[in-house]
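A.B. asks: fold the following for me, if possible:
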Amino acid sequence: MREMDSLGLKICARQADLFEASKDGAKCSSPIFIRRFMNSDLAKRIDAGGIMFESTDVSNAFQELEDQYGVSVYGSEKYATEELRWIGYLYRYWCYVSEKTSKQLYKEVKPERLRKLYLPYHSLDPLQAIERITEESAPIVVRNVDDVARGVEIMRKIRNRRGKTSPT
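C.D. replies: As a prediction, the model looks like this:
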């Protein structure tokens, strides 16, 4: 994992601004905007780290997304501005430190899930939130299913023996 630095924090803040502005600036729903953005050419450039050297502002970013995907008014669900800001910041922070692309991360963690986690996790340090989300999605590993089944069988035998040998 890469360490977060001042450039990374600026990129996170810029993406958070864009996501926050999408509530009023994007004609489509918040989930559609996020999906389009995370799979866009603009996100690829941000992943590569070159966006800070462009003069792209929020309105230019919306125009670039419309140029790439076309205008869409699909969907009506709009997330709260605070949720959008946090989701945008967290996605970029996660991409930056894990060195995953936006597209890869979007496939792993959907915005609907992040929205549900906003209230319990928004006040955490982004790295702590990422760790908790990652822990939640890790499968629970049982040592060995055969060991558990064998243990149950042993317990049954012990119980049966006690029942037969007990004094009456």
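A.B. asks: quick one: contacts for the spatially closest residue to Ser59 that is not a sequence neighbour?
C.D. replies: Closest residue in space to Ser59, ignoring its immediate chain neighbours: Gly25 at 7.2 Å, by C-beta to C-beta, 6 or more residues apart in numbering. Where you see a C-beta, it was placed from the backbone N, CA and C, and this is true even at glycine. Counting by C-beta atoms under 8 Å, 6 or more residues apart in numbering, Gly25 touches 58-59, 62.
A.B. asks: most centrally placed residue in this protein?
C.D. replies: Taking C-alpha atoms, centre = their mean as the criterion, Val109 is the residue nearest the geometric centre of the chain, at 3.7 Å.
A.B. asks: got a pLDDT number for it?
C.D. replies: pLDDT recorded at Val109 is 94.
A.B. asks: figure out how far the lowest-mean-pLDDT helix or strand in the chain is from the centre of its chain.
C.D. replies: In the chain, the helix or strand scored least confidently by mean pLDDT, DSSP states H and E is helix 145-165, which has a mean of 76. Remark: helix 145-165 is offset 44 Å from the chain centroid, using C-alpha atoms, centre = their mean, to the nearest Å.
A.B. asks: stretch 27-36 now?
C.D. replies: Chain-centre distance of stretch 27-36: 15 Å, with C-alpha atoms, centre = their mean.
A.B. asks: of all the residues in it, which ones are buried?
C.D. replies: Buried residues in stretch 27-36, counted by 16 or more other C-beta atoms under 10 Å: 28-36.
A.B. asks: give me the pLDDT for Leu127.
C.D. replies: So Leu127 comes in at 95 (pLDDT).
A.B. asks: which strands and helices lie in contact with the one helix or strand it maps to?
C.D. replies: Using DSSP states H and E, Leu127 sits in helix 126-137. Other helices and strands packing on helix 126-137, by 3 or more C-beta pairs under 8 Å, 6 or more residues apart in numbering; DSSP states H and E, are helix 81-98, helix 111-121.
A.B. asks: test my guess that the residue nearest to the centre of the chain contacts Ile133.
C.D. replies: Yes. With contact defined as C-beta atoms under 8 Å, Val109 reaches Ile133; the gap is 6.7 Å.
A.B. asks: about what we covered before: among the helices and strands packed on helix 126-137, which is nearest Glu153?
C.D. replies: For the helices and strands packed on helix 126-137, the distance to Glu153 is smallest for helix 111-121, at 39.3 Å, taking C-beta to C-beta.
A.B. asks: could I get the buried residue list for that closest one?
C.D. replies: Buried residues in helix 111-121 (16+ other C-beta under 10 Å): 111, 114-115, 117-118, 121.
A.B. asks: compute the number of surrounding residues for Arg150.
C.D. replies: 11 (other C-beta atoms under 10 Å).
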